[in-house]
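Chemist: quick one: sequence plus predicted model below, questions after.
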Amino acid sequence: MPTKTTIYGRNFNLKINTVTIENIRAKGFTQSRDTRETTSADSSDNEESVATIMRRNLTFGGLASEAATTGAGFIALQGFFEAGDPVSWELSRTTGGTRKWSGSATLTKLDFDLPYDNNVEFTGELKPTGVVTFGTT
């Protein structure tokens, strides 16, 4: 019986423009597709539909750190958010594979949790626009 290797989320990097975002602890990538009903008199009383718009959403969260040597944590994210311009993004495996998703997106959400006696954490959301490519690095 062949051995199956589990893929861990920690083995994925998130890159925005050319910056690998440091201290990421959670990532999520959702995809859905809308449909349009096409039922007609010829449908024999069965509902029919066709695929239309694809919707995607990329969420992430991590620990804020002033020690990010390249400013590749929340500091870089704040700059992207302030600019409001579309960014290029890439979600790719760092070990055990070469698969990646990439495209253009707008950083639509950037939140900070500022507890009094604990780590400052950030969460964000990228809303892809246009074509998302799934391929190899």
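Modeler: All right, it came through fine. Numbering: from 1, shown residues only.

Chemist: can you give me the helices for this protein?
Modeler: Listed in chain order, the helices of the chain (DSSP state H) span 74-83.

Chemist: residue nearest the centroid of it?
Modeler: Centre of the chain computed as the mean C-alpha position; nearest residue by CA atoms, centre = their mean is residue 58, 2.6 Å away.

Chemist: give the bridge partners for the spatially closest residue to that one that is not a sequence neighbour, please.
Modeler: In this structure, residue 58 finds its nearest non-sequential neighbour in residue 126, 4.2 Å apart by CB to CB, 6 or more residues apart in numbering. Every C-beta, even on glycine, is put in place using the N, C-alpha and C of the backbone. Note on residue 126: beta-bridge partners by DSSP bridges are residue 58, residue 107.

Chemist: what's the neighbour count on residue 126?
Modeler: As a burial measure, residue 126 scores 25 neighbours (other CB atoms under 10 Å).

Chemist: one more: residue 89?
Modeler: Neighbours of residue 89 using other CB under 10 Å come to 21.

Chemist: residue 74 reaches residue 80, doesn't it?
Modeler: No: assessed by CB atoms under 8 Å, residue 74 is found out of contact with residue 80, at 10.5 Å.
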